[in-house]
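[1] Structure, please.
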Amino acid sequence: MNTITKVIIPAYNEEKSIAKVIQDLPPTVDEIVVVSNNSSDETVDVAKKAGATVLTEKRRGYGYACLKGISYIKSQTIKPDIIVFLDGDYSDYPKELNKLIAPIINEHFDFVVGARSKKLREKGSMTIPQIFGNWLATSLMAFFFNSKFTDLGPFRAIKYNKLIDLNMKDKTYGWTVEMQLKALKRNYLYKEIHVKYRNRIGISKVSGTLKGTIFAGIKILYWIVKYSFIK
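    The predicted model follows:
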């Protein structure tokens with residue numbers, strides 16, 4: 001039986017990178033869904049020409065874009081087995097997708113996160129606030145939930161039915177940590193796979209601004225504190 005895999009790519013003003021992301025995804029992917037998060041450049045047209053299904057979410061926020069993609073897939077008659085999320089800035093290596101979904105297909109894991117380990121990261125690809133934020137968040141998850149996560153990396157794969165059961169809510173910066181916390185609370189079988197990571201094309205909308213860095217940090221800590229006190 002063939003595994004149906006669909007990819008959701010949130011994208012805000014990624015006209016210079018989105019085609020590279022789409023073209024580098026392996027042919028095993030059944031559908032690539034790019035969600036333009038109210039882009040003001042040519043992201044939509046470039047993504048369509050590259051062969052993606054393109055949706056538009058006018059409300060700004062990473063979570064809003066991801067939820068739009070999930071809603072679209074939920075409306076389809078034939079549901080996928082696996083959903084993969086990755087960024088549209090070409091910082092992830094889309095060709096590593098098969099490595100990411102292999103534990104789900106072959107070892108029955110529910111959820112796999114691509115961990116941006118130091119030895120595989122391109123110099124400068126993660127800012128000091130990002131590195132510290134990841135360390136703090138994963139350390140707190142280890143303390144409160146005995147988690148083994150080391151990263152909040154955006155490149156991740158999850159069984160479709162498990163994703164739906166998470167009932168994701170976050171609309172902005174807390175999307176990745178919410179997913180990991182809920183997976184921990186539900187005792188999903190999870191794994192990290194070390195993946196390569198490079199300097200993104202263009203300027204980050206989160207870590208590239210002081211406002212984005214501060215708000216992302218606040219939202220991540222909010223989710224961790226919230227779930228630490230939920231029985």
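[2] quick one: the most centrally placed residue in the chain from Lys49, how far?
    Against the mean C-alpha coordinate of the chain, by Cα atoms, centre = their mean, the closest residue is Pro154 at 3.2 Å. Distance of Pro154 to Lys49, computed by Cβ to Cβ, to the nearest Å: 24 Å. Heads up, the C-betas are built off the backbone N, CA and C, glycines and all.
[3] what do you get for Ile131?
    36 Å.
[4] need the helices for the protein, in chain order.
    Along the chain, the segments classed as helices by DSSP state H run 18-24, 43-49, 62-74, 97-107, 128-145, 160-166, 175-185, 210-228.
[5] Can you tell me which of the ones you listed is nearest to Val33?
    helix 62-74 (4.8 Å; Cβ to Cβ).
[6] now the angle from the closest one to helix 175-185?
    Going by axes from the mean of the first three to the mean of the last three Cα atoms, to 10 degrees, helix 62-74 is angled at 60 degrees with respect to helix 175-185.
[7] Show me what helix 62-74 is packed against.
    strand 5-11, strand 31-36, strand 53-56, strand 82-85, helix 160-166, helix 175-185 (3 or more Cβ pairs under 8 Å, 6 or more residues apart in numbering; DSSP states H and E).
[8] Counting neighbours, which bits of the longest one end up buried?
    Along helix 175-185, the positions that meet the burial threshold by neighbour count (16 or more other Cβ atoms under 10 Å) are Trp175, Thr176, Val177, Glu178, Met179, Gln180, Leu181, Lys182, Ala183, Leu184.
[9] Please apply the same query to stretch 128-147.
    Pro129, Gln130, Gly133, Asn134, Ala137, Thr138, Leu140, Met141, Phe145, Ser147.
[10] again with stretch 107-120
    Buried residues in stretch 107-120 (16+ other Cβ under 10 Å): Phe109, Asp110, Phe111, Val112, Val113, Gly114, Ala115, Arg116, Ser117, Leu120.
[11] which of the residues you listed sit farthest apart?
    Asp110 and Leu120 (23.9 Å).
[12] so where's this protein shaky on pLDDT?
    By pLDDT under 70, the weakly predicted segments of the chain are 1, 204-217, 219, 227-231.
[13] make it 80
    1, 202-231 (pLDDT under 80).
[14] Show me the beta-bridge partners of the closest residue in space to Tyr72 that isn't next to it in sequence.
    Residue nearest to Tyr72 in three dimensions, not counting chain neighbours: Leu55, with 5.8 Å by Cβ to Cβ, 6 or more residues apart in numbering. When bridges are called by DSSP bridges, Leu55 pairs up with Val35.
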